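1. below is the sequence, then the predicted model.
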Amino acid sequence: MTTPVTAPAPAAAAHRPSTPGPTTGPGAPGGAPPGDAAERAAWLENLLGDPDDPRNPHGYKPLLDADDRREAPAATEALLTEAGLTAEFVPHELGGRLIRPDLLAQVLRPLFRRDVALGFGHGITSLFGASAVWAAGDAAQRETTARVLLAGGRTPIVHHELAHANAILRDEFTARPTPDGGFVLSGRKDVVINADRADAYVMYARTAASTGPRSHSVLLLDPEQLPPGGLRRLPRALTPGMRGSRFAGLRFTDCPAGADTLVGDLGDGVPLALRTYQVNRCLIPATVVAGVDSVLRFAVRAATTGRPAGVPPRRWHTVLTGVFADLLACDSMAVTGLRALSLLPDSSHLLAAAVKMTMPDLLREDLEELSTVLGAHGYDRGPRYGGFQKLVRDLPVAGLGHAGTAACQAVIVPQLPTLARRSWFRTDEPAGRLFLPRAPLPAFDYRALTLTGSDDVLTASLIGTAERLAPLRATSDAWAALADLADAFVQEMRALREQCAALPDITHAALVDPRVCALADRYALVLAAAACLGVWQGQDGTGTFLSDPAWAVLALTRIGRRLGVPVPELPENTTKAVLEEVLARYRDHRSFDLYDTQLAG
Amino acid sequence: MDEQRISTPIHVPRPAGPWQGVHENLTRLGNAVVHTTWGEWLPAALTAPRLRRLLGRDWTRYRRIPDPTVRYRFVAARLLMKHTAAAALRVDPETLDLAYRLGGRPYLRGFDQIDLSLTHTGDLMAVGLSRHGRIGVDAEPADRRMRFDLLQAQMCTPTEAAELAPLPEHEQTAQTLRLWTLKEAYTKALGQGMRLGFTEFGFGLRSGRLLAPDGSPATRGEWAFATHPALGGRYLLSVACHDAGLDPAADTSAGTMLDPGFLAAMADHQH
């Protein structure tokens, strides 16, 4: 277990010498302080320091320079190792600090605000791997994996090939079972993150020739334990996005692996992927949103520099407020998805797939919108604006593009008929704390995640909120608009129920009617709206900006327009109220997310 | 220019095709550009037995357009987009939901393996498709006189102005037109149109590369651009293609996109 240590004073830590120290565990000096997630996030924020300070070895300048050289930023990686960041990926009971995935996302945001590629390469891709061990590994495997991560090691995921695979998902390894319960590994895969510096690989390998649900198994492989010549590391794969990340190839040639490498049972690979990926599917938008937070900051900077009273020209108000509303919408959906993993571990996979299907795309649109405000600054490679182009390059890698979307559609599409017939307009509303980002929840356990539930509580919440809003229309134009918007999404759900109930059950593994893909997309957007409304409603009476209907009206209007449903005129003062908050948060160095946290600098 | 990265536009005279060239170009280069005239497509559009179903959510918009010419162009363009996309996805065009992003850019709801862009001017219509990332297309009549001296302040970076200024008038006008179509294609690829100011970015006149206003390289090779003559040289058609760098699958069919293993595992849990 991590030993509580005294953290260095944040101000001093921010400008510590950049010489990487010896790799030390989280118990070593410099390790993260004990405390809750918000405190650890603040600690990491200060440790990384003011990103705009040219003297900061962890600021934009060195991070962009490293990306330019196609290197991982060594000083910052060393700092994060010393700070024991990887202990955040280890369940608490195994000596780490992982208690709940929503708290994990909160802790990681300071890192993602500065460099999404670093957040992946030095961070969550190890969790993507380790999660199969947390979900199904035996005691020895759990202990070994925990030890690796607590010591600052890496446990990258080695994906199996999915339909319409891109470079990262293409090709897979086969593990031929042997009579003694072991395996013989073979195959080649060219783009595996951290392939050249992994302490353990978590491999989704093909163990049966069939295409059914039992075709793959998960193996935990220690490269040191493999016989010489069995595993060859191939040259680095240079990627246009996440340029500094260490993607490389692996080749296994008739390489024996013991029976003790099998995680869970033979044939568990695909179900394990579906169970554990739900965490990743929420975690990716919940962390990448912090990268777009920084770009919104660049855009406000570009629009306000040299302006009287720091107010941007009128022509940029729509974009700046719209993107801020989108960030809150993205955060609402991602955080609700992450919290559902703890609260509703049987049916969170639907929401998780919807989060991943909609949010990376929405964030990409936001970057494109912000490019209009940035103008020529958008091509600037210097530290003031260079993070924009870098995120434009990195974001597609984080979301995995079409193959990533299709993998989520494969989760939602087969459930649509069941949802329509058994859940929509029938299921009860969830506990209100689902939507309260700071409220306590049951501890999260990867082992509890299943795919058995098909209750959609978010739609239930949408319908309930719409009913409660209806009589409150007279309160103000904003409340009336919100009630109209809620109604429009409920109407959309009625249409979806009718169309989905008429679909045949998916009884075999094929896409029979292409219309279901559009239905899944529409449904996912309704869930995004439901999450926004849920979060807004949860803030009622707090007197904070989030309790003001303005942001929810704007966010829902934008989701409604994407969906093509009728949306009311924006009430007067909506843009003004949201813009005031954007400018206040910019001036006061506060984050553009639900947590509204203080930033360094 | 990046002619080797961007497909030469293909003339597709009617909804029935031929579509083979679209498949070939999408597989080989990752993009395809189709052009035609709305006159060629209009008979098919007007006699389509289930026009209302084919137009989907655009039906109401179609019915509300008062001017018949505008209405016919609108319907022919929708038909062109749906049929071109349907060819790439290997589905019936009626099953596609053509949706619009906030900035107005069309996309295929539920099918992000293909990005698309539409342009129409005069009797020309063109659609670009890409499986690598964003695509934007823009066409202008080749004889449209774009006067550099009048447009310079509105559309040229200092670097572009310096390159254009010394050219003989005829060439200057032609290059100004080409630049205009490139700028339109690029901002359409971003889904922003003229909201992104045309003086905020530029092109090298000879290299055809995207440049910052000061003439420095704006990207690291993610973007490719090309300009082609169309319909016997009556139009100039520019294409902007972004490559997000994921090296996506060559197969863009809808029928194969849902992972069979995931589908089977999810179906298992339904019963």
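-> Looks like it came in fine.

2. show me where chain B has helices.
-> Here chain B has its helices, by DSSP state H, at B:20-29, B:38-47, B:51-55, B:59-64, B:68-89, B:148-155, B:158-164, B:169-189, B:260-270.

3. out of these, the one nearest residue B:233 is which?
-> Among the helices of chain B, the nearest to residue B:233 by Cβ to Cβ is helix B:169-189 (12.0 Å). For the C-beta atoms, the positions are set from N, CA and C on the backbone; glycine is no exception.

4. the helix or strand where residue A:391 lies packs against which elements?
-> According to DSSP states H and E, residue A:391 maps onto helix A:386-399. Secondary-structure packing of helix A:386-399 (3 or more Cβ pairs under 8 Å, 6 or more residues apart in numbering or on different chains; DSSP states H and E): helix A:60-68, helix A:116-119, helix A:269-304, helix A:348-374.

5. using PDB, list the CA coordinates for the second one.
-> In this case it means helix A:116-119. What follows is helix A:116-119, C-alpha atoms only, in PDB (Å, rounded to 0.1, in the frame of the first residue of the first chain):
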ATOM      1  CA  VAL A 116      -3.800  14.100 -24.500                       C
ATOM      2  CA  ALA A 117      -1.200  11.900 -26.100                       C
ATOM      3  CA  LEU A 118       0.800  11.800 -22.800                       C
ATOM      4  CA  GLY A 119      -2.400  11.000 -21.000                       C
END
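
6. quick check: mean pLDDT across the helix holding residue A:391?
-> In this model, helix A:386-399 carries a mean pLDDT of 97.

7. tilt between that helix and helix A:348-374?
-> If you take axes from the mean of the first three to the mean of the last three Cα atoms, to 10 degrees, helix A:386-399 sits at 160 degrees to helix A:348-374.

8. can I get the helices of chain B in a markdown table including mean neighbour count and mean pLDDT?
-> Converted to a markdown table, the helices of chain B look like this (neighbours: other Cβ atoms under 10 Å in any protein chain shown; pLDDT from 0 to 100):
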| stretch | mean neighbour count | mean pLDDT |
| --- | --- | --- |
| helix B:20-29 | 17 | 97 |
| helix B:38-47 | 16 | 88 |
| helix B:51-55 | 17 | 87 |
| helix B:59-64 | 12 | 90 |
| helix B:68-89 | 21 | 94 |
| helix B:148-155 | 14 | 93 |
| helix B:158-164 | 18 | 96 |
| helix B:169-189 | 21 | 97 |
| helix B:260-270 | 22 | 86 |
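
9. among these, which is nearest chain A?
-> helix B:260-270 (3.8 Å; Cβ to the nearest Cβ).

10. is that closest one anywhere near chain A?
-> Yes: counting by Cβ under 8 Å from any Cβ of the partner chain, chain A is contacted by helix B:260-270 at B:260, B:261, B:262, B:263, B:264, B:265, B:266, B:267, B:268, B:269, B:270.

11. can you list contacts of that helix?
-> Outside of helix B:260-270, the residues within contact range by Cβ atoms under 8 Å, 6 or more residues apart in numbering or on different chains are A:160, A:162-163, A:211-213, A:215-216, A:270-271, A:273-274, A:407, A:410-411, A:413-415, A:418, A:451-452, A:454, A:505-510.

12. then it to PDB, C-alphas only?
-> Taking Å, rounded to 0.1, in the frame of the first residue of the first chain, the C-alpha atoms of helix B:260-270 are listed here in PDB:
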ATOM      1  CA  PRO B 260     -19.500 -10.300 -35.400                       C
ATOM      2  CA  GLY B 261     -17.800 -11.300 -32.100                       C
ATOM      3  CA  PHE B 262     -19.400  -8.300 -30.300                       C
ATOM      4  CA  LEU B 263     -22.700  -8.800 -32.000                       C
ATOM      5  CA  ALA B 264     -22.800 -12.500 -31.100                       C
ATOM      6  CA  ALA B 265     -21.800 -11.800 -27.400                       C
ATOM      7  CA  MET B 266     -24.500  -9.200 -27.100                       C
ATOM      8  CA  ALA B 267     -27.100 -11.400 -28.700                       C
ATOM      9  CA  ASP B 268     -26.100 -14.100 -26.200                       C
ATOM     10  CA  HIS B 269     -27.000 -11.800 -23.300                       C
ATOM     11  CA  GLN B 270     -30.300 -11.000 -24.900                       C
END
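
13. do you know how far the residue lying closest to residue B:116 once chain neighbours are set aside is from chain A?
-> Excluding the flanking residues, the one nearest residue B:116 by Cβ to Cβ, 6 or more residues apart in numbering or on different chains is residue B:129, at 5.2 Å. From residue B:129 across to chain A, the span is 13 Å (Cβ to the nearest Cβ, to the nearest Å).

14. shouldn't residue B:129 be in contact with residue B:32?
-> Yes: Residue B:129 lies in contact with residue B:32 (Cβ atoms under 8 Å); the separation is 4.9 Å.

15. overlap in contacts of these two?
-> Common contacts of residue B:129 and residue B:32 (Cβ under 8 Å, 6+ apart): B:22, B:26, B:84, B:88.

16. farthest pair within these?
-> Spatially, the most separated pair among these is B:26 and B:84, at 10.3 Å (Cβ to Cβ).

17. name the residues contacting each of those two.
-> Contact criterion Cβ under 8 Å, 6+ apart; residues shared by residue B:26 and residue B:84: B:32, B:129.

18. centre of the chain to stretch A:92-99, how far?
-> 20 Å (Cα atoms, centre = their mean, to the nearest Å).

19. again with stretch A:94-111
-> 12 Å.

20. phi first, then psi, for residue A:190.
-> Residue A:190 adopts backbone torsions of phi -100, psi -20, taken as degrees, to the nearest 10.

21. got the contact list for the closest residue to it other than its chain neighbours?
-> Using Cβ to Cβ, 6+ apart and skipping the chain neighbours, the partner closest in space to residue A:190 is residue A:249 (4.1 Å). When contacts are counted by Cβ under 8 Å, 6+ apart, residue A:249 touches A:188, A:189, A:190, A:191, A:192, A:195, A:233, A:234, A:235, A:237.
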